[in-house]
Structure formats: C-alpha cells, structure tokens
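Asker: any chance you can model this:
(chains A and B)
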Amino acid sequence: MVRFKVTSRLEVSRRSILIITVLAYIVSPLVVLAVLAAAGRSPLVALDALYRGTIGTTAGFAESIVQGTPLMLLSLGLAIAYRGKVWNIGAEGQQVFGAILVTWFVLQFLKYPLPAYVMIPIALLFSLLGGALFAGIPAVMKSRLGINEVITTIMMTYVAVQALNWLVRGPFQDKSIPGSYPQSPVFPPQTALPIIIPNTSVTVGIIISVVSCFLAYYILFKTPLGYSIRAVGYNPSAAKTSGISVKRVVNSAMILSGALAGLGGGVYILGVTHELLPEQASGIGYTAVVVSLLGNLHPLGVIFSSLFFGGLISGMSSVERALQIPRTLSLLSQGIIIVLILIIQVLARYEIKKV
Amino acid sequence: MMVMILDAASISDLIAAIISLSVPMAFAALGELISERAGVINLGTEGVMLVGAISAFYISFFHHSDLFGVLLGAASGALLGLLMAFISISLKQDQILSGLGIYFLGLGLSGFLYEAIFSQIGSTIRITGLPQLPIPILSQIPVIGASFFSQDIIEYLAFVTLIIVIFVVGRTTFGLNLRAVGENPSAADTLGVSVTKIRYVAVIAGATLAGIGGAYLALSSHAFQAENITAGRGFIAVAMVYFGKWRPARAFFGTFLFGAAYLLGAFFQVVGSFIPYYFLLMVPYVLTLVVLVGIARGARSPSALGVPYNREGG
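Answerer: Below is the predicted model:
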C-alpha cells in the first residue's frame, strides 16, 4: 500500500501561493455549476446566464462592479484583521452600524441639505466612525479581558440587525408615505455618490475602495503598525517577546477592520439604496469572509477577489432569473467554496510525499 | 396584563417552557465542551445545529417519526464533525477558520434544503412534535413534578447526557486522555496516547450532540418558519462553555439563562409591551456579551485549545 506523509514547509513559495489562488478561482464557479447540475438544472444555460451577468453585457459588468464595491471594503478590513489572527466575524454588524450613523446624519439635513462636497465626505466619516465604534467593543473585550472575538462580533451583529429592524420601523421610518413600509425617507440627491461611468450605477465608491486597498497595502507592509499586525499573526508569543504589544495590535486591527466595514456600509447606502432598508443586512458581511480568504488576505488580492465575487453575485442573480432557482443556492455555493478554499490553502503549506 | 398572578401551575409551565427552549443549546454546549477539552474549538456548532434541525424536520414531516428525525440529526451532525475534524486535525488548518467553514457550509446547506424541500408546501409547516412522557409518582410532586418530570424523551436525554459527560470526562481513562490531549498534547503523545484519534472522537461526538440539539430545536418548535432557525444559538452554546469555565454542569445550566431570555421575548411578543419588540429580541445576545464580561476573569481554558498538534513541534 502506498502511504503518504504530510509535512509542513518552512517557506511557502510565491509559486505555490499563485497556484492555489488560481485553483481557488477556477474552483469557485465550477462549484456553482456543479451545485446547479446536482439540483437538476442545465449547467450550460447557467453558464450562459453567468456570462451575461458578468462580462458578457455592459449592464452585467457594471452590476458586478457595484456589487464588488462594498464587498471590497468589508473584505479588506477582514484581511487586515485576519493577518493579525484577530477573527472579526462581525463585518455585517459593523457595516449596518456604519449605515445607521450615516442615516442619522443625513436625516438631520433632510429638508435643507448642504452641498454634496460637504454632505458626502461627512457622511462617509460617520460610516467609518460607526464601524470603528461598533468594532471597538469586541476589540476592548478581547484585548482587556481575553474574550473570544468570534463570539462577541457575532453577538454584536445580531444586536445591530435588530437595531436596524427597529429603526426602520421606528425613529427612522418614513412617515410621509401611507402604509408602514420599513424604510427611512429617501436621501436628498446631495448625498448620492457621483456616478463615474455614464448610464450605469458605478459610482466613485469603486475608486474609494481601490484606493483604500492600496492604502491598506502600504499600512500593512510599509509601516511599523502593519509589521506588528503581521508579526502577531505569524507567531504571537515571538512577537510579544520582541516587544510588540499584542493588546495594541488586537485593538488597532479590529478597529481598522470595523472602520473599513462601516465605510463599506456607507458606500452601499450612499451609492446604491439611498435610503436605510432592512435589506442593508443582506449577509454581505459573511460573504466578505470568503472574499478575504480568496484574496489570500492580501489587500491587493482583495481587489481581484471582491470584483470576482461581485461578478459571481451579479452573475448568480442573472442565473437565478434565467433558471428560476432560489437565492439559497448561492448561499450553498458560498458554503462549499469556503470549505474548499480552506482545504486548498493547506496544500500550499504542506508537502505531500510518498513514503 | 400588567399584573401577573403566578400560581403553582403557571410556575411549572414556565419552568417547563424554559427547559424546552434551553435543551437545544444545552446539547450543543455539552458537545462543544467535549471538543474543547480535547483542544479543538468548533465554531461550526451553529451550522451543525442548522443541518441537524432541517434533517430532523424533514423526517418528522414526511415520515412522521420524530425519533428517526433526531437520529438523522445526530448522524448529519457526526458527518459535519468528521469534516471539521479532517480539516482542523488532519490538515491542521486554523481551527477558527475550519469552524467558520463548517458554519457557512451548514448555513448554506440548511437554507438550500429548506427551500428545496418546503418551498412548495406553504409558508408555515407544522408538525406534532414529541409526546410528553410523565414519570409515574415523580410527576405528581407539586411544581417540580410538572416542570421536571413531565417532559419529552429528548429533554430527559439531555439530563442523562449531562451525567454521562460529567462521568466520562471526569472519571474514565478516555476522559483522562481527552483532558491530557487538550492540556499537553506532546506529553500525552509521549505516553502513547493518539492525539489525532482522541481529537477526532471528541470533535465528532461533540458535533453529534450539536446535531441532536438542532434536531430538538426543530421538533420542539412545532413549526418551521425560517431558514435560519437557530438564530445564533450555536454561538451562544460556545459562549456557554466559556461561561461554564469548561465544566459540564455549569455550561449546561448556563444555557437555561438563555432559555429564559428567549421565553421573555416570546412572552412579550404575545402580550405586547412598552419596550419595542426588537429590543426584546436583542436580549439573549446582549446577555451573552454581559455574561462573557462578567466571567472573563479567572476562566482558564485548556492550554492547547486552538492549537493544531504537530509531532515535529513545528
């Protein structure tokens, strides 16, 4: 019998990282098609719809970018946190809270809005602040008391979602329209992010997101803070011995990632919905976990993985329309993709030898 | 309804309702505890519960057998546990990430199955649920009898499981090995204990219990109205292991606090109150955060918790 031995490599080569990344990218759409085939739907029709919903048409391409934009900011934040082994799972709650603060700010100026160049930057600052504040609580609980951040960030997300449900039916509800729809008043045009590609809904949000990724790349790889985050992620006890404050790293990584998630929520509400809806909590914060992994927890990798996933989301909704399949199929595909990525990632870290 | 007069009968109804709401989390917490004592934190518990729930509901609805439903729930839990063990123990992937993967897989799988199986039937699907089995004589005791000795079989099983877990973890050779593997795997390995084997058994056993918890959640709810039926109960169960400082009885009874919190929400939903309904829905989650802060000092986790075991020490 042939036996295999798995041994860990000391150095993970760039080549093997590249190979597993490409593998993950190929595997993801294949999973979607395989799930469809297993559900008894034609993968060919699905492939066609997937093509038209992504790069096949201008509308599909634009929608891919629109979907990928907030996802990029959320995943970027998670990538930074995960680099430091800070397991923030609450990007969903953080982006919701960012959007809630944005809504609060905009509602103060609903009747007499200031010019766009004042409204938009301040609104975006509020979204950053909202996400940072909301992540600050689990950050302190982790750094001061050592409480597992996975549990606290998830609990915080449930709180944020219920707060959202209450606000859109209570204090923030649009009372001017008859009936009681759970939504805030529509924001004034002075708060809408400018559109950069005519006749589409692609806004300046994509520029903000990409610039944030480059900025994060700089912070993570060229500054002392970034170095400490990576050092703590690589080996916490060694980092501590060399004089890095693990507490400070936990706080800054978590709050930075929360701020970026909040910004993602802000970019979404100011660029896409222009009002606060219960659908602000669409599960994008969970998708971002997969996207950050697919981007190899690298700020520049996240640019590609979030646009790729934006395409997958846009493409899947086109598939859902074409084949009349439920939305949960995308959820299932996501679940399978994340497990496969976890397994594929290991391949780069270990050598499998015949013994 | 501002003034409630609680007589013996309503107190025992109240306790019985709290037990029924707590048992799913209690099973999951015991399962998580076994896994964590062996050094593996399984954050996939929520996903495992979801799959256990949908499996049990499927059997109960179409084949009218609640017990087989629980069995299928347990089996699907075991399968997901096997996957968790493979990724986190054999492949040595980070335990947190492995658990998240299992969570997302369970979430996707249960959501998909829910829609695929039940989309044609209607918005609310009802099942009868498990019958009450009063224990003779004991169930006649005032208050306690009706609340503790007049339950369904899975509720009794929860208490039996607690006793078994206390005994196995604390008093058997297997339990000793389990704790050794969680505290100092390389020492256990030197003494000839297979770290991999013990951890596999612990993770699979733990996930099986979570599957049973999910199954009971579905069966005791009588109606399946939502895709995401667990709504964080799996994560609360993980928090309860911390709350219980890795002791079975403390983790087990800790979940009763949350059963009471869920009951409070359900109660005010029916009665109506001056507090917005959505705030009541927040109670279990806020309570978890508060409880975690309260017990944070002095809790000591198994030393090797979260660390994949490498014989070479790499």
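
Asker: do the lengthiest helix in chain A and chain B come into contact?
Answerer: Longest helix of chain A, by residue count under DSSP state H: helix A:116-145. Yes - interface with chain B: helix A:116-145 contributes A:137, A:141, A:145 (C-beta under 8 Å from any C-beta of the partner chain). For glycine as for every other residue, the C-beta is placed from the backbone atoms N, C-alpha and C.

Asker: which elements pack onto the helix or strand that that helix is followed by?
Answerer: Once helix A:116-145 ends, the next helix or strand along the chain (criterion: DSSP states H and E) is helix A:149-167. Packing contacts for helix A:149-167, counted by 3 or more C-beta pairs under 8 Å, 6 or more residues apart in numbering or on different chains; DSSP states H and E, involve helix A:91-108, helix A:116-145, helix B:95-118, helix B:233-243, helix B:277-295.

Asker: can you tell me which residues in the stretch 201-350 of chain A are near chain B?
Answerer: By the rule C-beta under 8 Å from any C-beta, the part of the stretch 201-350 of chain A lying against chain B is A:286, A:289-290, A:293, A:326, A:328-329, A:331-336, A:338-339, A:342-343, A:345-346, A:350.

Asker: can you tell me the closest non-neighbouring residue to whichever residue of the stretch 201-350 of chain A sits closest to chain B?
Answerer: Among the residues of the stretch 201-350 of chain A, residue A:335 lies nearest to chain B; the distance is 3.0 Å by C-beta to the nearest C-beta. Using C-beta to C-beta, 6 or more residues apart in numbering or on different chains and skipping the chain neighbours, the partner closest in space to residue A:335 is residue B:108 (3.0 Å).

Asker: can you pull the pLDDT of the one you found?
Answerer: Listed pLDDT for residue B:108 reads 88.

Asker: identify the residues contacting it.
Answerer: Residues in contact with residue B:108 (C-beta atoms under 8 Å, 6 or more residues apart in numbering or on different chains) are A:328, A:331, A:332, A:333, A:334, A:335, A:336.

Asker: go again using 10 Å as the cut-off
Answerer: Neighbour list for residue B:108: A:35, A:328-339, B:47, B:50-51 [criterion: C-beta atoms under 10 Å, 6 or more residues apart in numbering or on different chains].

Asker: go on, residue B:199?
Answerer: B:35, B:38-40, B:85, B:88-90, B:178, B:181-182, B:185, B:304, B:308-309.

Asker: cool, and residue B:309?
Answerer: Residue B:309 sits next to B:39, B:40, B:89, B:92, B:181, B:185, B:186, B:188, B:189, B:195, B:196, B:199 when contact means C-beta under 10 Å, 6+ apart.

Asker: in helices, which of the contacts of residue B:108 appear?
Answerer: Those of the contacts of residue B:108 mapping onto helices are A:35, A:328-339, B:47, B:50-51, per DSSP H.

Asker: and stretch A:205-225, what's buried?
Answerer: Within stretch A:205-225, the residues that count as buried by 16 or more other C-beta atoms under 10 Å in any protein chain shown are A:205, A:206, A:208, A:209, A:210, A:212, A:213, A:216, A:217, A:219, A:220, A:225.

Asker: oops, could you answer that again for stretch A:240-247 instead?
Answerer: Residues A:244, A:246 are the ones in stretch A:240-247 that count as buried (16+ other C-beta under 10 Å).

Asker: contacts made by it with the rest, please.
Answerer: Contact partners of stretch A:240-247, identified using C-beta under 10 Å, 6+ apart, comprise A:84-85, A:139-140, A:142-144, A:146, A:224, A:227-229, A:231-232, A:235-239, A:249, A:251-252.

Asker: for the longest helix anywhere in chain B, what is the average pLDDT?
Answerer: As assigned by DSSP H, the longest helix anywhere in chain B is helix B:8-37. Averaging pLDDT along helix B:8-37 gives 88.

Asker: angle of that helix against helix B:95-118?
Answerer: For helix B:8-37 against helix B:95-118, the angle by axes from the mean of the first three to the mean of the last three C-alpha atoms, to 10 degrees is 130 degrees.

Asker: spell out whether helix B:8-37 and chain A are in contact.
Answerer: No - Helix B:8-37 stays clear of chain A (C-beta under 10 Å from any C-beta of the partner chain), getting no nearer than 10.9 Å.

Asker: quick one: buried ones out of the residues of the stretch 201-350 of chain A next to chain B?
Answerer: The buried subset of these (16+ other C-beta under 10 Å) comprises A:286, A:289-290, A:293, A:326, A:328-329, A:331-336, A:338-339, A:342-343, A:345-346.

Asker: residue B:180: how many residues sit nearby?
Answerer: Residue B:180 sits with 21 neighbouring residues when counted by other C-beta atoms under 10 Å in any protein chain shown.

Asker: repeat that for residue A:135.
Answerer: Residues within reach of residue A:135, counting by other C-beta under 10 Å, total 34.

Asker: nearest spatial neighbour of it, skipping sequence neighbours?
Answerer: Closest residue in space to residue A:135, ignoring its immediate chain neighbours: residue A:258 at 2.2 Å, by C-beta to C-beta, 6+ apart.

Asker: the one you found is in contact with residue A:140, isn't it?
Answerer: No - judged on C-beta atoms under 10 Å, residue A:258 makes no contact with residue A:140 at a distance of 11.8 Å.

Asker: please consider this matter closed, and thank you.
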